Structure formats: structure tokens, C-alpha cells
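Chemist: predicted model and sequence follow; I will ask about them next.
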Amino acid sequence: MKHSSEKIIRFILPAIIVIPIAVCIILASRIAILENRIAGREAYEELGSRESRLVQLSWYDENVLEEVEVPAFLSEYETADAAETDEPVYTGQNIINTAPGLTYASGTETDGIHRVYLTFDDGPSIYTDDILDILDEYGVKATFFVVGRENTASYSRYIRIVEEGHTLGMHSYSHVYSDIYASPESFAADTQRIRSLLEDVTGQTPVFYRFPGGSSNDVSATDVRELAEYLESQGIIYFDWNVSSGDAGKVPLTSDQIVRNALNGIETRDTTVILLHDTAAKRSTVAALPAILEALQAMDNVEILPITYDTAVIQHDIGR
């Protein structure tokens, strides 16, 4: 009996010692992981100077890793699927509508002025401030179709866009195609989420929208015409584009290539809506912007404007 008790004690005592130690090691490991994540987030928010700016994760970062430096502590955070990283390049037919309630008959008959609208999708990011600085330097107003980012830096950029006289539009909250386009209900929920966020932050209710991938996208599980009708029921006007800068492609373009694409055919149209992006991976877009503005301002009878209710609405032909 005595030997049996001693044997049991020999088995139990090590377990009593080892188990608490193992638990402590596991807890310490978990705490270290959490501390690293918190430190990473804080460090990311503090990256501010033009020289030390790295990358704010965006839906295009995976395609331009050779162009940007990605901090190791950000690699574990969520990004969209690679299949969702490219904004489709629209090559089909455009139609020009007019915003409801306006008096002009069409966007194709103007006073000889070529109206150009610079639109930036997918921000705000660390480069949004650079773009705003450049626009201010050249005295130009633009349109920003933004996504939902709930942090102090993004809030300040939403507010700055509005306060400096630019148009703040919606580009969905999540920009995750499979979520947004899963059903009419998911689209409505996402739209209301980004609209409420921007209204709460800026005090203004946004009324302009750009579909992720454009209204002519081929990724929506729901008929886009139904989604367009929903937007109309909410007093929201959606805009596509008729010129793409190509700055969202899988193969990064140089700033010179972006300039050439953006200026294509400007003087042959009455209304030109140019697609650009201000995600954190778009240094070439920032570098290209001054040349785009200088070229546009040197053209005769060209006005650069933000999208308003007076803008002829450029929409892709989706059979409506």
C-alpha cells in the first residue's frame, strides 16, 4: 500500500509542477502576441513623414510589392483576395445621363467647355494627404470615392476632403466584392454603413457613389441594375468613368504612363471622368498628378471640377 501511494505521488507531483508552468508559458506567449499587435498598430499610425512612410494595407498592395516596403508586423492582418485586387478596365460603351431634377437635357451638348473630373478611389490612405496638398497647390478640386476606415487618421482625411472643397463620395464600406455583391440586402447594408460613417464624421450626407469594380463589373452575384435602383431610391447617384489612368493594374505603371493614360482624348469629349486611386501603394499616382494637372491647365477650354449635382452623369451601359 505504501509503495502504491509513493508511486501515485511520483506521478502527481511532476504534473502539479509542470501544468502551471505550461499554462504560464502559453499565457505569456499570448500576451506577447497581443503586445506585438498593439505595438504594430501604434507604430503604423505614427508613420508620418514622407521619407519614412511605408504601407497602409489596401486592396492593391499584393500586386505592387516591388514598389512598396511592407512592414513585417502588418503581414498577418486581413487583406482582400488577390482575385479582388484589380479594378476592371472598362472598354465598352458609356452613356451620359443627367442627375434627377436638373434642367439641362443631356451631357453631350455643352458650351464648348471640356469639363474634366479627377476621381480618386479606395482611400483614404497615407497618400491622400499628398494628393490633397498637390490639388491645393494647383487650385484644383477633385472627387474622392472612399471606403470605410475607422481610425483617427482616416477621420481627419475625410474631414479634410470636405473642408477643402472637394467632393466626398462613397465606394462601399468594405470593398470586398464577395460580401458587397452577395445579395441586394448585403449591398444595402454596406452602403448604409459607409454613408452613416461619413455622415457621422463630416456632418454631411454623401450622395455620390461608385460601384467597386464599376457598374459594368462581372463579379456581382446580384444584377447591378437592381442595385442601381436601390441607390436611386436612396437619393444616391452613381458615377463610373470614361477614362482610366490604369494605375490599379496588376503590372505597376510608371508615372509617365499614368499621365498619358489620364490625358487620353480629353479634348474630344465634353465630359471626362478620370479614374485614379489614392491607396497607399500608389506612389506613382502621386508622382503623376502634377504633370496631369499642368497638362490639363495648359489646354484651351478645359475646366477641372469636382462632381456635383450639375455634373453630367457618366455611367457604363448596363442595359437600364
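Modeler: Looks like it came in fine. Numbering: from 1, shown residues only.

Chemist: mind listing the helices for the chain?
Modeler: Listed in chain order, the helices of the chain (DSSP state H) span 2-46, 128-138, 152-163, 177-180, 184-202, 224-233, 255-262, 283-298.

Chemist: among these, where is the model least confident on average?
Modeler: Of all the helices of the chain, the minimum mean pLDDT falls on helix 2-46 (a mean of 54).

Chemist: and the gap between the closest residue in space to Gly165 that isn't next to it in sequence and Thr202?
Modeler: Nearest residue to Gly165 in three dimensions, chain neighbours excluded: Lys141, at 5.2 Å (Cβ to Cβ, 6 or more residues apart in numbering). Every C-beta, even on glycine, is put in place using the N, C-alpha and C of the backbone. Applying Cβ to Cβ, to the nearest Å, the value for Lys141 to Thr202 is 16 Å.

Chemist: now do Tyr230
Modeler: 23 Å.

Chemist: and what of Thr271?
Modeler: 27 Å.

Chemist: higher neighbour count, those two?
Modeler: Taking other Cβ atoms under 10 Å, Thr271 and Thr202 do not tie; Thr271 has more neighbours (20 against 17).

Chemist: excluding chain neighbours, what is closest to that one?
Modeler: Ala312 (4.6 Å).

Chemist: isn't that neighbour up against Asp270?
Modeler: Yes: under the criterion of Cβ atoms under 8 Å, Ala312 makes contact with Asp270 at 7.4 Å.

Chemist: the more surrounded of these two?
Modeler: More neighbours surround Ala312 than the other of Ala312 and Asp270, with 20 against 16 (other Cβ under 10 Å).

Chemist: quick one: the more buried one from Phe144, how far?
Modeler: Applying Cβ to Cβ to Ala312 and Phe144 gives a distance of 19 Å.

Chemist: do the same with Thr311
Modeler: 15 Å.

Chemist: higher neighbour count, the two?
Modeler: Set Thr311 next to Phe144 and count neighbours by other Cβ under 10 Å: Phe144 wins out with 29 against 22.
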